[in-house]
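**Q** with the input below, show me the fold.
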Amino acid sequence: MDLTTNYLGLKLRTPLVVSASPLSEDIDNLKRMEDAGASAVVLYSLFEEQLRQDRLEMHQRLEHGTESFAEALSYFPEPDEFKLGPEEYLKHIAAAKKATRLPIIASLNGSSVGGWTEYAKKIQQAGADALELNIYYIPTDMNLTGTEVEMTYLDILKSVKANVSIPVAVKLSPFFSNFANMAKRLDQAGANGLVLFNRFYQPDIELESLEVKPNILLSTPMAMRLPLRWIALLHGRVNASLAATSGIHRASDALKMLMVGADVTMLCSTLLRHGIPQITAIERELTAWLTEHEYESVSQLKGSLSQKKCPEPAAFERAQYMKALTGYTAER
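**A** You can find the predicted model right below:
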């Protein structure tokens, strides 16, 4: 069975890629991922805030002006909570490349235009094969227009692209008034790949301490529905590679994503729940299904259920919406 696929110009052994997570902080884990069959790994993210200033300066800035609102101190991480800083991140890339033969995709996480994007060049020099630009941005200024928000994404991408020659993928939110147009503009601005989608982690409130607490919930297969729809709509309409992330736990999830046109499927929550060997299990099930259904390769399957040849994708989506609502019968 030919499981090979192309992503960001890289020829990968399978479409099973490990997405950014704490698992990639350990070189031994990267070796285990390679042994389990991962075709590439996205490293954990390095944050814009880590690059803007050293840890002491960041700590002073985050504390400034919060004395009258003590609970505000809980909003931001303490400097020592960042496990690896900028220089250590570069060393980690080099060590990962030395320890494995896996394509290593670094991850920069930011939300604003600035000099921090120049660090991408150092990431390339450290040996990264590609870069995933994770734009995590929640606009709260009521005077900020949708056009200005979109330009922030485009300007960050252009700034990074100006500093590197390695492929750059953009991991982004689905929350645009016209996501199809945004995908097109990112594609035209030079994005080599689009990673769909970023998950926004909403904080919770601790009632006893009256503190805002970070709250991370691992995904379930239901989370794949949104990227499934948009990859089906974008396949064949943009030049950028398409990566599916969120909710991919089983071979059946990966197969559906490939059918709608994903070039790779990214695994995270399932590995945190079941361990790195889950990669092997998913690949085995993927191969078994393809063989049983007489496919010869992943490329033969890819995009077979996309909307590339649908003349009116919006009408098709509207019809599916109506069909779902009118066809549902409540239990009594």
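**Q** in stretch 117-133, which residues are buried?
**A** 117, 119-120, 122-124, 126-133 (16 or more other CB atoms under 10 Å). Where C-beta positions appear, they are placed from N, C-alpha and C, glycine not excepted.
**Q** so what's Leu258 up against?
**A** Residues in contact with Leu258 (CB atoms under 8 Å, 6 or more residues apart in numbering) are Pro15, Thr265, Val298, Leu301, Lys302.
**Q** pick out whichever of those residues sits closest to Arg225.
**A** Closest approach to Arg225 among those (CB to CB): Thr265, at 14.3 Å.
**Q** which other residues reach the helix or strand where the closest one lies?
**A** Element membership for Thr265, per DSSP states H and E: strand 264-267. Identification of contacts with strand 264-267 by CB under 8 Å, 6+ apart yields 5, 7, 12, 15-19, 38-40, 42, 195, 241, 243-245, 248, 253-254, 257-258, 278-279, 282.
**Q** equivalent analysis for stretch 125-132, please.
**A** Counting by CB under 8 Å, 6+ apart, 8, 10, 20, 40, 42, 90-91, 93-94, 97, 103-108, 120, 123-124, 160, 164, 166-171, 192-193, 195 sit against stretch 125-132.
**Q** ok, which stretches of the stretch 151-300 of the chain are strands?
**A** Counting by DSSP state E, counting those that start in this stretch, the stretch 151-300 of the chain has strands at residues 168-172, 193-196, 204-206, 211-213, 241-244, 264-267.
**Q** kindly reformat those as CSV containing mean pLDDT and mean neighbour count.
**A** Below are the strands of the stretch 151-300 of the chain laid out as CSV (pLDDT from 0 to 100; neighbours: other CB atoms under 10 Å):
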stretch, mean pLDDT, mean neighbour count
strand 168-172, 96, 26
strand 193-196, 98, 27
strand 204-206, 84, 12
strand 211-213, 83, 13
strand 241-244, 98, 26
strand 264-267, 98, 27
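**Q** same list (those) but as TSV, adding distance to Pro311.
**A** Converted to TSV, these look like this (distance: least, CB to CB, whole Å):
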stretch	distance to Pro311
strand 168-172	27
strand 193-196	23
strand 204-206	45
strand 211-213	48
strand 241-244	21
strand 264-267	28
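**Q** those: which one's closest to Ala288?
**A** Closest among the strands of the stretch 151-300 of the chain, using CB to CB: strand 264-267, at 16.4 Å.
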